[in-house]
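Colleague: What would the 3D arrangement of this be:
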Amino acid sequence: MIRTQIQLTEEQHRFLREKAAEYNVSMAELVRRGVDLLARQQTQPSREELGRRALSIGAYDDLEGAVDVSINHDQYLAEIYTEAGGDDDPD
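Modeller: Numbers count the residues shown, from 1 in each chain. Presented below is the predicted three-dimensional model:
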């Protein structure tokens, strides 16, 4: 490991010392964990990207412009079965 010297405000030092005691680790270990956390965040998608991905799950562009497919999917499915000449109850 490389020894590094840093300067902290009194509040930062007090906070770091208290958290290190709470987690039962050294202050240096807590700083290393913080650096590791920041490094992982650089390689992971941002919160905004994760939110965009979550909202796009199941996204459906209906050619006829329906925007309520997630709510009325049973009705639409029944209509499709009826139009196809099949049983209107898919169960």
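Colleague: use CA for all of it now, contacts and neighbours both
Modeller: Noted.
Colleague: next structured bit after the helix or strand containing residue 33?
Modeller: Of the helices and strands defined by DSSP states H and E, residue 33 is found in helix 27-43. Per DSSP H and E, the first helix or strand lying C-terminal to helix 27-43 is helix 47-56.
Colleague: in this structure, which helix or strand is least confident?
Modeller: For the chain, counting by mean pLDDT, DSSP states H and E, helix 47-56 ranks last in confidence among helices and strands (a mean of 81).
Colleague: Which strands or helices does it pack on?
Modeller: Helices and strands touching helix 47-56, as assessed by 3 or more CA pairs under 8 Å, 6 or more residues apart in numbering; DSSP states H and E, are absent.
Colleague: how distant is that helix from the center of its chain?
Modeller: Put simply, helix 47-56 sits 7 Å off its chain's centre (CA atoms, centre = their mean, to the nearest Å).
Colleague: That helix relative to helix 27-43, how many degrees between them?
Modeller: Helix 47-56 and helix 27-43 meet at an angle of 50 degrees, taking axes from the mean of the first three to the mean of the last three CA atoms, to 10 degrees as the criterion.
Colleague: Start at 590, not 1
Modeller: Understood, numbering begins at 590; the last thing we discussed is helix 636-645.
Colleague: how about helix 636-645 as CSV, C-alpha atoms only?
Modeller: Extracted in CSV, the C-alpha atoms of helix 636-645 (Å, rounded to 0.1, in the frame of the first residue of the first chain):
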residue,chain,number,x,y,z
ARG,A,636,-29.0,6.7,-11.3
GLU,A,637,-30.6,8.5,-14.3
GLU,A,638,-29.6,5.7,-16.6
LEU,A,639,-30.9,3.1,-14.3
GLY,A,640,-34.2,5.0,-14.0
ARG,A,641,-34.4,5.2,-17.8
ARG,A,642,-33.8,1.5,-18.2
ALA,A,643,-36.3,0.6,-15.5
LEU,A,644,-39.0,2.8,-17.2
SER,A,645,-38.3,1.2,-20.6
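Colleague: Going along the chain from that helix, find the next helix or strand for me.
Modeller: Note on helix 636-645: by DSSP H and E, the next helix or strand toward the C-terminus is helix 662-672.
Colleague: I appreciate the help and will end here.
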